[in-house]
Structure formats: C-alpha cells, structure tokens
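Quick one, what's the 3D model for this:
(one chain, ligands or ions: 1)
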Amino acid sequence: MAEIRKRELDKLRDMRREYVKYLNLNPIQRGGILTPEARKAVEEWADGYSVCDFCDGVLESIKKPPIDEFIHETLPRFVEADEVRLTHGAREAKFMVMHAICEPGSTIVVDSNAHYSTHVAAERNKLHVVEVENNSYPEYRVNVEAYADRIDEVNKKTGKLPSLALITFPDGNYGNLPDAKRVADICSEYNVPLLVNAAYAIGRMPVSLRDLGADFIVGSGHKSMASSGPIGLLGVRKSWSDSVFRKSMEYRNKDVEMLGCGPRGLPLITLMASFPAVYERVQRWDMEVKNARFFIKRIEDINGIQQLGIKPTEHDLNFLETNVFYAISKKHRNGRFFLYRELKKRDIIGVKPGLTKNFKLSTYGFNKDELKRIIDAFKEIAMLK
Ligand SMILES: *Cc1c(COP(=O)(O)O)cnc(C)c1O
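Prediction:
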C-alpha cells in the first residue's frame, strides 16, 4: 500500500453537505428525497449486509425484514405486474431485459426521447437501435404510430422483427407522457415485446403494467421512490419470468441476470421504509400535476419564458426555454453564471451553473408557499439588467 496524503484523507473526514437547506429544483433529486421513516431506518440498517441476518440464500425469501412479502406481494400489486424483482437501477433493469431476451446483433426500436442509459444498455448488449421520431421543437411529441413503420422497416432490412421495443414514460427532458398503451397495441400486433421505462413515473404517479398492456416495466428507486438507492424495479408479465429471472444451473437458487442477488442494505431498506408514504403520495398525483400547471402558468407570465414539451404539462418535470435569462447573461458581470448565483442567493439550487437559455426543473413535493418563493425568485431575477 502506498502512502495516502493527509489532505486527501482530510477531505474524506469532512463530508458535510452544504445544500440540505436549499430548495432544489433538479428533477433527478425531487423524488428521491428520503421520508422521515427511511431516515430513521438508516441508523439501524446502515451496516453492509445488514439485511442478511436471516437469509437462507435467496434475498427475496427473507422474512425478517419483510423482503419476501414486499417483493412478491406489495410491489407486484403496486405496479400491477405478475412478478417484480429489484435491480441496481432503472438502467440495470433495462440492461437485464435486453441481455436476457435480445440476441446480440439484433435490433431494438426505441423512442427518440429515450434516456442515454437506454442507448448505453443496448450498446453493452451489442444491439442496434432504431429510433421512432418526435415532432421536434417545441413539443417533442413522440409519434407513437410510427412504431409500426420502424418495426416494418427493421423486418424488411434484417429479415427479423426487432427483439424489443421500448417507450420512455415520461421522458427525462420534457416530461412528455406518450400513449404507451397505443405503442403496446402496435407491438402486440407484431408480437414484439415492449418495455416501458417508467423511471420518472413509478413512485410519483399511478402506473400499471397490466393497463398499459406492455411486457416489462422499469422504475428507479433513487429517482422516484424516496430511496437512497442505487435501486431499480423490474416488473414483468408472467410469460417472461422464466427467461429474465432464470436460475443458475450450478447454483440452483441464484439468479443469473442479477449475478446471484439483487440490491441489499440501505438501497432496499430505505425503499421499503419509504414505501407506505410513497403509496400515499402516488394517490395525490393529481395535486402534483395541478401544482406543476400552477407553477408553469405563473412562470410563463414572465416575458421570455416558455415551457416546451406537451401542453398543458402532465408531469412535474418540465423544460423551460428562458430567453429572458439568456439576454441578461449577455450583459451581466457574472455572465452565464448569473442565474445560478442569483438563485443560490435566494436559497434555490438545481439549475446547472452556466445554463441560462433553457433548463429543466421539477416542482415535485413542493408546497404552495415554496412554489411561490420560487416563482417570485424567477420574477425578480428576470428584472435584472
Ligand atoms: C433517470 C433515468 C434513468 C436512469 O435511472 P437509474 O435508476 O439511475 O438507472 C433511466 N431512464 C430515464 C427516463 C431516467 O429519467
């Protein structure tokens, strides 16, 4: 072992997080804030393999803490899937499905608003990706009918149907909620399995694999289920469970695609401890959409700010085009960093330093007073010279 410098170690000895008190607009942060229940559970369960005291070799059979029931009863009801397993994130769930059911060299069809992790998961699986277009600025609405055209094209060009189709529900840029049911109808006509990427949906809004009529559904615990993560959720239709959740030939009780077992420790414990509150908040989704619309309406009162994506918004994540801030940044002494600094002065963070032309934000979980504070801040900043 080589010597490690004291100043390196000192940085690790001082791991405070300065931003806890700020209102954070960053969409990836809003749904992952721990509930008080989860924060309390952290104290007792933070040790490495803490959940494995009573494990007989299969994580999802552990009765104490109640992982068995959570995975086999609670979560399948929550997303209305036949079977659910936990993964290390939404991306790992997508990777796992592709790895289990798509031959290397085959082609998958995905929406053009897909998350980069969809493309990286496909790349790691050596899959070709064909995109279904959106109608571009300002709506970026995915043309769901075109799934049929892309599937036909792949079939013609390669002599085989796509090995998988994927729709992002909603996407992580505009918060657009495409008609995933229609995509599922098209895909089932062709007998192409469909994965719904609901990383920004499960844990925020009601989602049902059964109602959507798809084959797979994917969620993210640290993004939308008030878990510390990293943890994701994969729900499947029964017909896929044997291939995706297959057991090792040599180690008969170990899942191959999960390399033996799924997430344990705090990712799982915080997910479970937060779940009762998450179950309740999902039932208040209408209010979240109302709040998002209230916010967008007030923000669009400012000259030079416009929401892009489908209108009126149907989600807490929204993309703003903010020409007014861009114009100010041209003259302001802090240049393009002025917006970040002005927001921070008002205890608001989450807009990336340097962005002024456009950015995304989420209103998830803010109360009316907090929303008003944020609106007032934007209004004040828009009047700067
Ligand atoms: C955040 C996000 C992901 C990645 O989620 P992880 O759980 O961190 O892997 C995937 N897809 C979409 C649409 C996302 O917004």
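
Please name the residues that touch R346.
By CB atoms under 8 Å, 6 or more residues apart in numbering, R346 lies in contact with 373, 377, 380. Any C-beta I mention is one placed from the backbone N, CA and C, and that applies to glycine too.

how close does it get to L271?
Counting by CB to CB, to the nearest Å, the gap from R346 to L271 is 33 Å.

swap in I349?
To L271, I349 is 25 Å away according to CB to CB.

for E380, same thing?
39 Å.

More neighbours: which of those two?
Neighbours per residue, other CB atoms under 10 Å: of E380 and L271, the larger number sits with L271, 26 against 12.

Would you tell me which residues of this protein are close to the ligand?
28, 89-91, 115, 117, 168, 171-172, 197, 199-200, 220, 223, 232 (CB under 6 Å from any ligand atom).

Among those, which are located in strands?
Under the assignment DSSP state E, these contribute 168, 197, 220, 232 to strands.

Serialize the contacts of R346 to CSV and add fields for secondary structure and pLDDT.
Output for those, formatted as CSV (DSSP: H, G, I helix; E, B strand; the rest coil; pLDDT from 0 to 100):
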residue, secondary structure, pLDDT
R373, helix, 98
A377, helix, 98
E380, helix, 98
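
quick one, helices of the stretch 251-385 of the chain?
266-282, 285-300, 323-331, 338-345, 368-382 (DSSP state H, counting those that start in this stretch).

pLDDT averaged over the fourth one - what is it?
For helix 338-345, the per-residue pLDDT values average out at 98.

where's it relative to the chain centroid, distance-wise?
27 Å (CA atoms, centre = their mean, to the nearest Å).

Could you list every helix and strand in contact with that helix?
Judged by 3 or more CB pairs under 8 Å, 6 or more residues apart in numbering; DSSP states H and E, helix 338-345 is in contact with helix 323-331, helix 368-382.

and what of the longest one?
Secondary structure elements in contact with helix 266-282, counted by 3+ CB pairs under 8 Å, 6+ apart, are helix 36-45, helix 221-224.

Now do the helices in the stretch 51-200 of the chain.
For the stretch 51-200 of the chain, the helices defined by DSSP H, counting those that start in this stretch occupy 67-69, 75-79, 90-101, 116-124, 146-158, 180-190.

The nearest residue to M225 once chain neighbours are set aside: what's it in contact with?
Spatial nearest neighbour of M225, chain neighbours left out: G203 (3.5 Å); criterion: CB to CB, 6 or more residues apart in numbering. By CB under 8 Å, 6+ apart, G203 lies in contact with 31, 219-221, 223-226, 278, 282.

cool, and T118?
By CB under 8 Å, 6+ apart, the contact set of T118 is 91, 94, 110, 166, 168, 197.

ditto for A114
Residues in contact with A114 (CB under 8 Å, 6+ apart) are 131, 166, 168, 171, 197.

Can you report how many residues neighbour the residue nearest to V244 when sequence neighbours are not counted?
Nearest non-adjacent residue to V244, counting by CB to CB, 6+ apart: A100, 4.4 Å away. By the criterion of other CB under 10 Å, A100 has 18 neighbours.

try the one 3 residues further on
Residue crowding around E103 was assessed by other CB under 10 Å; the count is 11.

what's the answer for the one 4 residues further on, then?
The local packing count at T107 equals 23, with neighbours defined by other CB under 10 Å.

per-residue confidence at it?
Value for T107, per-residue pLDDT: 98.

what's the answer for K385, then?
75.

how about it, what does it touch?
328, 331-332.

Let's have the helices and strands packed on helix 266-282 in a markdown table, adding mean neighbour count and mean pLDDT.
Formatted as a markdown table, the helices and strands packed on helix 266-282 follow (neighbours: other CB atoms under 10 Å; pLDDT from 0 to 100):
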| stretch | mean neighbour count | mean pLDDT |
| --- | --- | --- |
| helix 36-45 | 14 | 97 |
| helix 221-224 | 27 | 98 |
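
Now tabulate these in TSV and tack on distance to K11.
Formatted as TSV, the helices and strands packed on helix 266-282 follow (distance: least, CB to CB, whole Å):
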stretch	distance to K11
helix 36-45	23
helix 221-224	24
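
now the residue of the stretch 201-350 of the chain found nearest the ligand: how far from L271?
Closest to the ligand within the stretch 201-350 of the chain is S220: 3.2 Å, counting by CB to the nearest ligand atom. According to CB to CB, S220 and L271 sit 11 Å apart.
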